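Asks: Kindly return the folded structure for what I paste below:
(one chain, ligands or ions: 1)
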Amino acid sequence: MGTPKEEEKKPEQSNTVAFLLIIIMIGLFLLLIGEYDKQPEDANVYIQAGHEGRVFGKTGSVSQYGREMDWNVTVANEATRVLRNAGVSVIRAAADHKRKSNVQLAISIHFDGSKRVCRAGASVGFSRSSNRSAVRAWKRLYSPIFPFRWMRDNFSKNLSRYYNYYYTNASDAELVLELGEISCPEQARWLKPRLRKLGRLVAYFAAQRIGASGVAKPRF
Ligand SMILES: [Zn+2]
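Replies: Residues are numbered from 1 along each chain as shown. Predicted coordinates for the structure are as follows:
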């Protein structure tokens, strides 16, 4: 009596196996699509708004003057708009874009926050000595405009070992630009009404680096 019962079960088992196989095949298909989607992207410039899109973890600094994430987005969007208007191709990335890209110049926008207010200022992060010419060019451009202190280059590991360097392959440079300290009242009051103008400055800088014309230097 035992044997027929087992045989009765067999069609059910093969249905289950077939079902599982279909699920596995759909999974593999989705994985393949996912991988295809992660092929490197090419563009002239890569612009990342730091912390953008995150709801937990490193979501950026906050002060009574605003959220760093929002400021980063404002600057990055304006820089992207101006560059695209000038015919420059831009990958506009959020914090966790996690896709490799081949570009000439990669820029990540940030504002610093400090528990001891006004101990920070503007700074630059980069990973390779080949980036130094772009670092100097940015500081030559922004130093006469930004009327507050500068931190030394790569003063923190967040700058020298920025996680997103892994994703950007840039022929000129990949830089983290800290544009000022959002938690310092003097700096924040100066920065806040100038965010879009800072975006235009970043666009001008990028255009200069890659030799694109048609981007004017904003007046401060
Ligand atoms: Zn930041």
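
Asks: from here on, contacts and neighbour counts on C-alpha atoms
Replies: Noted.

Asks: W71 - nearest residue in space that isn't next to it in sequence?
Replies: The shortest distance from W71 to any non-neighbouring residue, by CA to CA, 6 or more residues apart in numbering, is to L195 (6.8 Å).

Asks: Roughly how far does V215 sit from the ion?
Replies: Separation of V215 from the ion (CA to the ion, to the nearest Å) stands at 26 Å.

Asks: Pull the contacting residues for that residue.
Replies: Listed by CA atoms under 8 Å, 6 or more residues apart in numbering, the contact set of V215 reads 82-83, 86, 203-204, 207.

Asks: which of those residues lies closest to the ion?
Replies: Closest approach between the contacts of V215 and the ion, by CA to the ion: A203, at 19.3 Å.

Asks: Run a quick neighbour tally on that closest one.
Replies: Counted with other CA atoms under 10 Å, residues neighbouring A203 total 29.

Asks: by contact count, what packs against the helix or strand encompassing it?
Replies: According to DSSP states H and E, A203 maps onto helix 195-210. When contacts are defined as 3 or more CA pairs under 8 Å, 6 or more residues apart in numbering; DSSP states H and E, helix 195-210 packs onto helix 68-85, strand 101-112, helix 132-142.

Asks: and those, which is most packed in?
Replies: Across the helices and strands packed on helix 195-210, the average number of neighbours (mean count of other CA atoms under 10 Å) peaks for strand 101-112, which reaches a mean of 24.

Asks: what's the angle from that one to helix 68-85?
Replies: Counting by axes from the mean of the first three to the mean of the last three CA atoms, to 10 degrees, strand 101-112 lies at 140 degrees to helix 68-85.

Asks: Give me the contact list for the helix or strand that comes right after strand 101-112.
Replies: The first helix or strand that comes after strand 101-112 along the chain, using DSSP H and E, is strand 123-126. If you take CA under 8 Å, 6+ apart as the criterion, strand 123-126 is touched by 135, 150-155, 158-162, 173-180.
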